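Peer 1: would you be able to build a 3D model of this:
(one chain, ligands or ions: 1)
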Amino acid sequence: MSIQHEDADRLLENLRKTYLDELRSTYSPAVIQHFSTPHNQEQMDNPDAGAQYTGPCGETMNISLKIKDDRIEKVTFLTDGCGTAVACGSMVTVLATGKNLKEACEIDQEKILEELGGLPEQERHCALLAATTLHKALEDYLPNSREDDTNK
Ligand code: FES
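Peer 2: All right, here's what the predicted structure looks like:
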């Protein structure tokens, strides 16, 4: 016996509701929002600085920066990581946009976690991946790093 269209629609709706209920019981609204509609998740053309970093979990994030007068004009990220890595990448770009370099250096794992309303213990390292990649991108902009790069 085949499933009727109405039954299939009801089944899909129930699955969607169960999935959303499960997400909502585990993650904050901010995490779900940044995961489902991430900000600044794109490749940047001609960045002023950038870095790619692979965390201990084996997942990688890439962050690119446009900087003018020591202020971050634009930040983009890409990741092959989990959903929370996407949420953390999105949040770190929002936090860093418009900041001067010193302020951007102060964005750390705890700040990302705080702004996202927390993450389950086993996923807190996703915020560290985002913070570390941002810091490495900022290091890439520093004059000494740039000289090092030209010597490679
Ligand atoms: Fe590795 Fe999220 S970044 S599990």
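
Peer 1: can you list the residues of the chain near the ligand?
Peer 2: Within the chain, the positions near the ligand by Cβ under 6 Å from any ligand atom are Gly55, Cys57, Glu59, Gly81, Cys82, Thr84, Ala85, Glu123, Cys126, Leu129. No exception for glycine: its C-beta is placed from N, CA and C like everyone else's.

Peer 1: just put those residues in CSV and tack on neighbour count and secondary structure.
Peer 2: Shown next, in CSV, are the residues of the chain next to the ligand (neighbours: other Cβ atoms under 10 Å; DSSP: H, G, I helix; E, B strand; the rest coil):
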residue, neighbour count, secondary structure
Gly55, 18, coil
Cys57, 15, coil
Glu59, 16, coil
Gly81, 21, coil
Cys82, 15, coil
Thr84, 24, helix
Ala85, 25, helix
Glu123, 20, helix
Cys126, 29, helix
Leu129, 27, helix
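
Peer 1: nearest spatial neighbour of Asp140, skipping sequence neighbours?
Peer 2: Spatial nearest neighbour of Asp140, excluding adjacent residues (Cβ to Cβ, 6 or more residues apart in numbering): Ala49 at 4.1 Å.

Peer 1: how about low-confidence regions in this structure?
Peer 2: Along the chain, the parts satisfying pLDDT under 70 run over 1-3, 143-152.

Peer 1: which parts of it are helices?
Peer 2: When secondary structure is read from DSSP state H, the chain shows helices at 5-26, 29-36, 83-96, 101-105, 109-116, 125-141, 143-151.

Peer 1: who wins for proximity to Asp69 among the ones you listed?
Peer 2: Comparing the helices of the chain by their distance to Asp69 (Cβ to Cβ), the top pick is helix 101-105, with 10.1 Å.

Peer 1: how about residues contacting the closest one?
Peer 2: Ile67, Asp70, Arg71, Ile72, Ala96, Leu134, His135, Leu138, Tyr141 (Cβ atoms under 8 Å, 6 or more residues apart in numbering).

Peer 1: show me which of the residues you listed are buried.
Peer 2: Neighbour counting by 16 or more other Cβ atoms under 10 Å classes Ile67, Ile72, Ala96, Leu134, His135, Leu138, Tyr141 among those as buried.
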